[in-house]
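Chemist: Please find the sequence and the predicted model below.
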Amino acid sequence: MIDIKLLREQPEFVRAAIANKKFKTDIDAVLELDATRRSKITDAEQARAAQKAANKEMAALPKGSPEFIAKVGEMKSIAASAKELEAEAKAADEAFQEAFLSIPNLPDPSVPIGKGEDENVVSSTWGDADAEFPNALPHFDIPWFESRVDFARGVKTAGAGFPFYVGEMSRLVRALINFFLEEARQNGYEEVLPPIVVNAESATATGQLPDKEGQMYVDEKEGLYLIPTAEVPVTNFYRDEIFDAEQLPVYRCAYTPCFRREAGSWGAHVRGLNRLHQFDKVELVKWTDNKSSMEELEKLRDNVEGTLQKLGLPYRVLRMCTGDIGFTHAKQYDLEVFAAGQKRWLEVSSCSNFTDFQARRAGIRYRGADGKPLTAHTLNGSGLAVPRVLAAILENNLQADGRVKVPDCLQYWMQQEFIGELKA
RNA sequence: GGAGAAGUGGCUGAGUGGCCGAAAGCGCUUCUUUGCUAAAGAAGUGAACCUCAAAAGGGUUCCGCGGGUUCGAAUCCCGCCUUCUCCGCCA
């Protein structure tokens, strides 16, 4: 959530800032609910203060004395009205909180203004996407692909979008995960292995609830959600905690499977590894003070770019426009690799600064110079998502002989120069 | 899964209906004295929200969480969560 003081003091600024985001919010309604809530709280507190004062007098009277008994009668009505006012204040507060939670984070001024994905700005490109990839095929058209990424048996066992990776392909996935974690470690991120289910409090703190409720798998019996990204458990590690200023910034990384229902997004362009219900990802998470988060976002993006460069995959960096950045995001870069077989750019990482938006929901703070708690900033980025990186490797590294060359940086874990089968 | 016990401030821990936002100790901060480390003494020591232009000040809430009883709840009742012990089961 945003800073309520900013909304009260500069409603026009907030209105203008979020006007370019894709989310609809009624600022005036929120302000009105805030005013109602505050006056109700004041009324209730005054009633309660009066009751407490009267109670104090009463406690001094001898129990059972006539004055005492007379006072009890009087107190009953005072207590009843205080209770009523408190209930009203609580209802007004809840109404406000619900509306307030629907206000998205404000985009940073550096974010390009635009309505949707067509207006994202390509800020840099690495490698040569126009180079000849004479042998490239869409990965799902490689003859031996289905024998190593088995969708049919995945359907039988779980459903569409839950493939089995078999044999050398399973090892290649494992090699990628290890490579990504090792890259993160060398860049100073401490590894954690988090729970892959979270409760509703955690999902709300990072902003998945209520915004993306329909996208998560839920165990209603236990009230647990399968995580859509490691961002959720990892960021919640420090929920409701206060850092010492000198601890910041904190860098963490985590490998987890990620689960997404992808309701409504099935259709064209989702063949093969392009979009799955379960996929593996290494996530990078940072907690910073309220000054350095934009700088830390650039470092985070650089870290991820370095990993892509070692894999030798052409990629481009998109500065996401106001109309395409997420609900919780102040600034976002998407990194896309070029898959030469499909001749498509595949998103493999999203690096984002949430400023204080998640941290305020999550109660993540730090003590400033005066000892007072300040809201921290949180950031995260994929480093990286496995299936689409794998897709690009399969397509771009396909050899004339029908096999795929394994990138050199994976040799330590893979110990195999090629995967697949020679052409008949 | 069954039976039992317990959850109080940064920590230990007292408190069984009003005088308790909560004793005492430890820790921490500042100050004083002595002064190499230390010791002794004094004062202070949480958060959220409301009020206030701001600061100061004032107010409300918070004793695992949520309800209830009562004029009044850390204290009584109900539900839940967590931890511990024993039994069962299991990787």
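Modeler: Good, I have the coordinates. Bear in mind the structure is a predicted one, so any value in this text is a computation, not a measurement. Residues are numbered from 1 along each chain as shown, chains lettered A, B, ... in the order given.
Chemist: who in chain A is up against RNA strand B?
Modeler: By the rule CB under 7 Å from any atom of the strand, the part of chain A lying against RNA strand B is A:4, A:38, A:41-42, A:44-46, A:48-49, A:51-52, A:55, A:58-59, A:63, A:72, A:75-76, A:78-79, A:83, A:365, A:371-373. The way it works is simple: take the backbone N, C-alpha and C, and place the C-beta from them, glycine included.
Chemist: let's see it at 6 Å
Modeler: By the rule CB under 6 Å from any atom of the strand, the part of chain A lying against RNA strand B is A:38, A:41-42, A:45, A:48-49, A:52, A:55, A:58-59, A:63, A:72, A:75-76, A:79, A:372-373.
Chemist: Surely residue A:387 is in contact with residue A:271?
Modeler: No. Residue A:387 is beyond contact range of residue A:271, at 11.9 Å (criterion: CB atoms under 8 Å).
Chemist: Compare these two and say which is more crowded by neighbours.
Modeler: Counted by other CB atoms under 10 Å, residue A:387 and residue A:271 do not tie: residue A:387 has more neighbours, with 24 against 14.
Chemist: quick one: low-confidence ranges for chain A?
Modeler: For chain A, applying pLDDT under 70 flags the ranges A:264-269.
Chemist: Report the contact partners of the residue nearest the centre of it.
Modeler: By CA atoms, centre = their mean, chain A has its centre lying nearest to residue A:231, at 5.2 Å. Contact analysis of residue A:231 by CB atoms under 8 Å, 6 or more residues apart in numbering lists A:206, A:283, A:285, A:380.
Chemist: of all the residues you listed, which two lie farthest apart?
Modeler: Within the contacts of residue A:231, A:206 and A:283 form the most distant pair, 11.5 Å apart (CB to CB).
Chemist: Name the residue in these two with the higher neighbour count.
Modeler: residue A:283 (30 against 27).
Chemist: May I have the phi/psi pair for the closest residue to RNA strand B within the stretch 201-350 of chain A?
Modeler: Of all residues in the stretch 201-350 of chain A, residue A:242 sits closest to RNA strand B, with a separation of 7.3 Å (CB to the nearest atom of the strand). With angles defined as degrees, to the nearest 10, residue A:242 sits at phi -120, psi 120.
Chemist: who's it bridged to?
Modeler: residue A:365 (DSSP bridges).
Chemist: Neighbours of it, how many?
Modeler: Residue A:242, neighbours per other CB under 10 Å, totals 14.
Chemist: For it, give me its contacts.
Modeler: A:365-367, A:373.
Chemist: and of the residues you listed, the nearest to RNA strand B?
Modeler: residue A:373 (4.6 Å).
Chemist: all helices for the stretch 51-200 of chain A, in order.
Modeler: A:66-100, A:145-148, A:151-157, A:168-186, A:200-205 (DSSP state H, counting those that start in this stretch).
Chemist: would you turn the ones you listed into a markdown table with mean neighbour count?
Modeler: Converted to a markdown table, the helices of the stretch 51-200 of chain A look like this (neighbours: other CB atoms under 10 Å):
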| stretch | mean neighbour count |
| --- | --- |
| helix A:66-100 | 14 |
| helix A:145-148 | 17 |
| helix A:151-157 | 14 |
| helix A:168-186 | 19 |
| helix A:200-205 | 20 |
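Chemist: and those helices as TSV, adding distance to residue A:227?
Modeler: Listed next are these as TSV, based on distance: least, CB to CB, whole Å:
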stretch	distance to residue A:227
helix A:66-100	24
helix A:145-148	27
helix A:151-157	20
helix A:168-186	16
helix A:200-205	9
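Chemist: Compare those helices and report which one is nearest to residue A:254.
Modeler: Comparison of the helices of the stretch 51-200 of chain A against residue A:254 by CB to CB identifies helix A:168-186 as nearest, at 8.7 Å.
Chemist: all strands for the stretch 151-300 of chain A, in order.
Modeler: Ranges of strands within the stretch 151-300 of chain A are A:164-165, A:190-192, A:197-199, A:218-219, A:224-226, A:242-244, A:250-259, A:278-288, based on DSSP state E, counting those that start in this stretch.
Chemist: Describe which strands the first one pairs with in its sheet and in which direction.
Modeler: The pairing partners recorded for strand A:164-165 under DSSP bridges are strand A:149-150 (antiparallel).
Chemist: what sits up against the partner strand?
Modeler: Contact with strand A:149-150 is made by A:163-166, A:169, A:272-273, as judged by CB under 8 Å, 6+ apart.
Chemist: contacting residues for residue A:250?
Modeler: A:190, A:238, A:243, A:286-287.
Chemist: Is it bridged to anything, and to what?
Modeler: residue A:287.
Chemist: One more: residue A:125?
Modeler: residue A:316.
Chemist: I'd like to know how far it sits from RNA strand B.
Modeler: Distance of residue A:125 to RNA strand B, given as CB to the nearest atom of the strand, to the nearest Å: 44 Å.
Chemist: count of neighbours near that residue?
Modeler: 14.
Chemist: who's in contact with it?
Modeler: Residue A:125 touches A:314-317, counting by CB under 8 Å, 6+ apart.
Chemist: can you check residue A:44 too?
Modeler: So residue A:44 contacts A:82, A:85-86, A:88-89 (CB under 8 Å, 6+ apart).
Chemist: Also residue A:205?
Modeler: Residues counted as contacts of residue A:205 (CB under 8 Å, 6+ apart) are A:235-236, A:239, A:358, A:361-363.
Chemist: related to what we said a few turns ago, roughly how far apart are the residue of the stretch 201-350 of chain A closest to RNA strand B and residue A:56?
Modeler: Distance of residue A:242 to residue A:56, given as CB to CB, to the nearest Å: 34 Å.
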